[in-house]
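S.K.: missing the sequence, but the structure's below:
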């Protein structure tokens, strides 16, 4: 899910870094559908494991990626999805820099955020 370049699989010599090809018969799509079923079955089994919130987060996240892929295929004729482009890691990293520049303060004012942005200077 962290593929940001269509050529990453070639550079890393690892087929798991291939972009998700949008289509019903692609192995990546099949894998995501199976993963959703596994999480649903695990949650319904009552076996020890994850909390209900974590189960729902996993199921909804995978479902959202599948829905996005379907939307892109039908409405925009997109051939593949670079899933690393839609992840929130860069946003979280940016807010982490803001917090650290304000002494590790989690709750900052807008003024502090703007000062942190000025310090970082990207």
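M.R.: Nice, I can see it. Keep in mind it's a predicted model, so treat the numbers as computed, not measured.
S.K.: got any ranges where the protein has weak pLDDT?
M.R.: The chain contains residues with pLDDT under 70 at 122.
S.K.: For it, which segments count as helices?
M.R.: Along the chain, the segments classed as helices by DSSP state H run 8-12, 27-45, 52-76, 89-101, 110-120.
S.K.: any residues touching stretch 98-110, and which ones?
M.R.: 112, 113, 115, 116, 117, 119, 120 (Cβ atoms under 8 Å, 6 or more residues apart in numbering). Glycine gets a C-beta too; all of them are placed from N, C-alpha and C.
S.K.: Could you report the neighbour count for the first one?
M.R.: Yep, that's residue 112 we're talking about. When neighbours are counted by other Cβ atoms under 10 Å, residue 112 registers 16.
S.K.: Tell me how many other residues surround the residue lying closest to it once chain neighbours are set aside.
M.R.: In this structure, residue 112 finds its nearest non-sequential neighbour in residue 102, 5.0 Å apart by Cβ to Cβ, 6 or more residues apart in numbering. Residues near residue 102, counting by other Cβ under 10 Å, number 17.
S.K.: gap between residue 102 and residue 116?
M.R.: As for residue 102, its distance to residue 116 is 6 Å (criterion: Cβ to Cβ, to the nearest Å).
S.K.: quick one, which residue of this structure lies the farthest from its center?
M.R.: residue 111 (29.9 Å; Cα atoms, centre = their mean).
S.K.: residues in contact with residue 119?
M.R.: Counting by Cβ under 8 Å, 6+ apart, residue 119 makes contact with residue 101.
S.K.: Tell me the spacing between it and residue 113.
M.R.: Taking Cβ to Cβ, one finds residue 119 at 11 Å from residue 113.
S.K.: same question, residue 46
M.R.: On the measure of Cβ to Cβ, residue 46 and residue 113 end up 44 Å apart.
S.K.: Dump the contacts of stretch 98-110 to CSV, plus distance to residue 85.
M.R.: Putting the contacts of stretch 98-110 into CSV (distance: Cβ to Cβ, whole Å) gives the following:
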residue, distance to residue 85
112, 29
113, 24
115, 29
116, 25
117, 23
119, 27
120, 22
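S.K.: Buried ones among those?
M.R.: 112, 116 (16 or more other Cβ atoms under 10 Å).
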